[in-house]
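Novice: coords below, sequence missing:
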């Protein structure tokens, strides 16, 4: 079996022989100043933990898909979040590797890779992904919904951030509690409330060509409290409401929350070399810090003695490892373990013989009207044993 020492290739420097020594030895100053092809060459010649691939437009593409660096978690925000952490039993042992797709196969949304296009709304996209997964997990697979990142991106407002420029995942989950989130889908999807407004720009081998990417970012879509015209469910009735926001810090607490309740959103500092990631376990952070990025952590593992997080990106499936990437775990690389966010959602438990659908609440016997009069609807359904709301 290959050892970690075999993975750390010596070129012109004396390379460390273990992961601890490797991490303790910072990259030389000249390496941190490298850009473009020279940076890619340095990564590929000094590390076999992961591979980089040069593309002349990689930096510009990445800049249009990440957030302003000011939206990384700071100390003041961290203190606020610490009060929201769940009490997690750290005594229970966890497996050395875990993949949420395997534990919850009834929830295909966990393995779905979205395409945020040229919009730095990764905070909204990743939050919507985690909401979709957790709604499914919490309902034991009976509630399959593609939560609309568009609804969060456009309607969460200044409390969340700046739309396609930047935002805060924690506030996206708080928005789901206050206002609810509606159904969505990829660009052009019919039969949902708010599909994504931006096409997958540029060329993708497995997709039709929709059009070029804009210069810079797409403008943030306008908030509309209405569904697209072909969708028959009113916006207010389509919404699903959160019940609690969960924020955690540190490797062990993040792992346990994912293992027990599903994927989490994490935000990390993005360095120039990440634009050239091809495959493997990302573990460097070379070049300038260019921004922040929010992603969905779905599990963890270990390869050749190196621990990693298993992460879903939102840059389409032709990026990285079929849309996913792995990142060094247990060292808080790029602050990936500083803050991870998830949440729970209000339950609607339906009787099997109920005439209500999981995703639409229409008229029922003995009740005339729509669910807008929510208190009247609750009373009616509880009295007829059709619905239990918590």
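Specialist: Looks like it came in fine. Given the structure is predicted, the values throughout are model-derived calculations rather than measurements.
Novice: every contact and neighbour count from this point should use C-alpha atoms.
Specialist: Will do.
Novice: enumerate every residue touching residue 111.
Specialist: Contact criterion Cα atoms under 8 Å, 6 or more residues apart in numbering gives 101, 312 as the residues in contact with residue 111.
Novice: ok, now residue 167?
Specialist: Residues counted as contacts of residue 167 (Cα under 8 Å, 6+ apart) are 67, 71, 121, 123, 124, 160, 161.
Novice: not counting sequence-adjacent ones, nearest residue to the third one?
Specialist: With Cα to Cα, 6 or more residues apart in numbering as the measure, residue 164 is the residue that lies nearest to residue 121, at 4.5 Å, once sequence neighbours are left out.
Novice: what about the contacts of residue 167, which are in helices?
Specialist: Using DSSP state H, the members of those that fall within helices are 123, 124.
Novice: among the contacts of residue 167, which one lies nearest to residue 46?
Specialist: When the contacts of residue 167 are compared for distance to residue 46, the smallest value, 28.9 Å, is given by residue 67; criterion: Cα to Cα.
Novice: measure the closest one to residue 284 for me?
Specialist: The gap separating residue 67 from residue 284 is 20 Å, by Cα to Cα, to the nearest Å.
Novice: try residue 173
Specialist: Applying Cα to Cα to residue 173 and residue 284 gives a distance of 31 Å.
Novice: of the two, who's got more company?
Specialist: Looking at residue 173 and residue 284 with other Cα atoms under 10 Å, you find the greater number of neighbours at residue 173, namely 31 against 21.
Novice: for the helix or strand containing the more buried one, list every residue counted as buried.
Specialist: Residue 173 belongs to helix 169-178 when assigned by DSSP states H and E. The neighbour-count criterion (16 or more other Cα atoms under 10 Å) identifies 169, 170, 171, 172, 173, 174, 175, 176, 177 as the buried residues of helix 169-178.
Novice: ditto for stretch 57-75
Specialist: Going by neighbour count (16+ other Cα under 10 Å), the buried part of stretch 57-75 is 58-59, 61-69, 71-73.
Novice: a markdown table for the residues you listed, including distance to residue 145?
Specialist: Formatted as a markdown table, the entries for those read as follows, by distance: Cα to Cα, whole Å:
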| residue | distance to residue 145 |
| --- | --- |
| 58 | 33 |
| 59 | 34 |
| 61 | 29 |
| 62 | 29 |
| 63 | 30 |
| 64 | 28 |
| 65 | 24 |
| 66 | 26 |
| 67 | 26 |
| 68 | 30 |
| 69 | 31 |
| 71 | 28 |
| 72 | 29 |
| 73 | 29 |
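Novice: what's the closest of the residues you listed to residue 108?
Specialist: Within the buried residues of stretch 57-75, distances to residue 108 taken as Cα to Cα reach their minimum at residue 65, with 24.5 Å.
Novice: next, the closest one: secondary structure please.
Specialist: When states are read from DSSP: H, G, I helix; E, B strand; the rest coil, the local structure at residue 65 comes out as coil.
Novice: all numbers from here: first residue = 309
Specialist: Renumbered: residue one is now 309, and that last one reads residue 373.
Novice: so who does it touch?
Specialist: Taking Cα under 8 Å, 6+ apart, we find residue 373 in contact with 424, 425, 426, 427, 428, 429, 430, 525.
Novice: greatest separation within the residues you listed: which pair is it?
Specialist: Taking Cα to Cα as the measure, these span a maximum distance of 12.4 Å, between 430 and 525.
Novice: so between the two, which is more surrounded?
Specialist: When residue 430 and residue 525 are compared on other Cα under 10 Å, the one with more neighbours turns out to be residue 430, at 34 against 19.
Novice: show me the contacts for that one.
Specialist: The neighbourhood of residue 430, defined by Cα under 8 Å, 6+ apart, consists of 373, 374, 375, 424, 474, 601, 602, 603, 622.
Novice: with pLDDT and distance to residue 400 as new columns, can the residues you listed be given to me in JSON lines?
Specialist: Shown next, in JSON lines, are these (pLDDT from 0 to 100; distance: Cα to Cα, whole Å):
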{"residue": "373", "pLDDT": "96", "distance to residue 400": "38"}
{"residue": "374", "pLDDT": "96", "distance to residue 400": "36"}
{"residue": "375", "pLDDT": "95", "distance to residue 400": "36"}
{"residue": "424", "pLDDT": "98", "distance to residue 400": "37"}
{"residue": "474", "pLDDT": "93", "distance to residue 400": "37"}
{"residue": "601", "pLDDT": "97", "distance to residue 400": "31"}
{"residue": "602", "pLDDT": "98", "distance to residue 400": "29"}
{"residue": "603", "pLDDT": "99", "distance to residue 400": "27"}
{"residue": "622", "pLDDT": "98", "distance to residue 400": "32"}
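Novice: coming back round to it: make TSV from the buried residues of helix 477-486 and add distance to residue 548 and pLDDT to it.
Specialist: TSV is the format used below for these (distance: Cα to Cα, whole Å; pLDDT from 0 to 100):
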residue	distance to residue 548	pLDDT
477	17	96
478	17	96
479	16	96
480	13	98
481	12	98
482	13	97
483	11	98
484	8	98
485	9	97
